[in-house]
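Peer 1: predicted structure and sequence below. I'll ask about it afterward.
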Amino acid sequence: MPKGGVSPDADLRSDICSDISALIDRYSDMVYHLCIINMKHQYDAEDAYQDVFLKLHLKLNNKDDTDPFENEEHIKAWLIRVTINQCKTMKNTASRRNDVQLDENFISSASDPYHAGIADYILELPDKYHQVIYLFYYEQYSTNEIADMLSRSDGAIRTALTRARKLIKKILERRSKDET
């Protein structure tokens, strides 16, 4: 044991805990928004959120993998991929309910009124467009980067964006008619 009475393993554990805390602080909003978009239920989204950061903790504590991430962008891409996969897994579980309305927390947690309004429209879109729209407009990834993350072709991502924009336009037109 070193002179200070703290073992090297204790120092390492302390570093990992502070790393996890910093990563949670940095990426919690992004992961939570992806969970809400995919799960649509606050409690399911919170479960997925916790599972994602638990997986991050386990990955960082893996003694076989001394440096699991190349850089900050690698961490972010890994978190997005794991979040999407975790939500898919949870949605495919038979015990998940389908009868609750879309969660309003995604809308209320948007950082400004513009994004809150857009979030409202995104939640009206079919599920297959949520991830693409979120990653493109909120996280500002290119279509190539999104295609890599979602294991789809660049053309499929561009098509999904085009279709989602058309649907949002229809939603806007419908709402403006309803207001008059």
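Peer 2: Cool, the structure landed.

Peer 1: once you drop chain neighbours, what's closest to residue 129?
Peer 2: Nearest residue to residue 129, sequence neighbours excluded (C-beta to C-beta, 6 or more residues apart in numbering): residue 164, at 4.0 Å. From N, CA and C alone the C-beta is placed, and that goes for glycine too.

Peer 1: how about residue 80?
Peer 2: Using C-beta to C-beta, 6+ apart, the nearest residue to residue 80 is residue 149, at 5.6 Å.

Peer 1: got the contact list for that neighbour?
Peer 2: Neighbouring residues of residue 149 by C-beta atoms under 8 Å, 6 or more residues apart in numbering: 77, 80, 81, 84, 135, 141.

Peer 1: for those, please prepare JSON lines with the additional fields secondary structure.
Peer 2: Putting the contacts of residue 149 into JSON lines (DSSP: H, G, I helix; E, B strand; the rest coil) gives the following:
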{"residue": "77", "secondary structure": "helix"}
{"residue": "80", "secondary structure": "helix"}
{"residue": "81", "secondary structure": "helix"}
{"residue": "84", "secondary structure": "helix"}
{"residue": "135", "secondary structure": "helix"}
{"residue": "141", "secondary structure": "coil"}
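
Peer 1: hang on, the residue nearest to residue 129 packs against residue 131?
Peer 2: No: in this structure, residue 164 is not within contact of residue 131 by C-beta atoms under 8 Å, at 10.4 Å.

Peer 1: which strands and helices lie in contact with the host helix or strand of residue 133?
Peer 2: Using DSSP states H and E, residue 133 sits within helix 127-133. Other helices and strands packing on helix 127-133, by 3 or more C-beta pairs under 8 Å, 6 or more residues apart in numbering; DSSP states H and E, are helix 8-39, helix 113-124, helix 143-150, helix 154-179.

Peer 1: count the residues that sit near the residue nearest to residue 52 when sequence neighbours are not counted.
Peer 2: Nearest non-adjacent residue to residue 52, counting by C-beta to C-beta, 6+ apart: residue 83, 5.0 Å away. Burial of residue 83, expressed as a neighbour count using other C-beta atoms under 10 Å, amounts to 26.

Peer 1: done for today, thanks.
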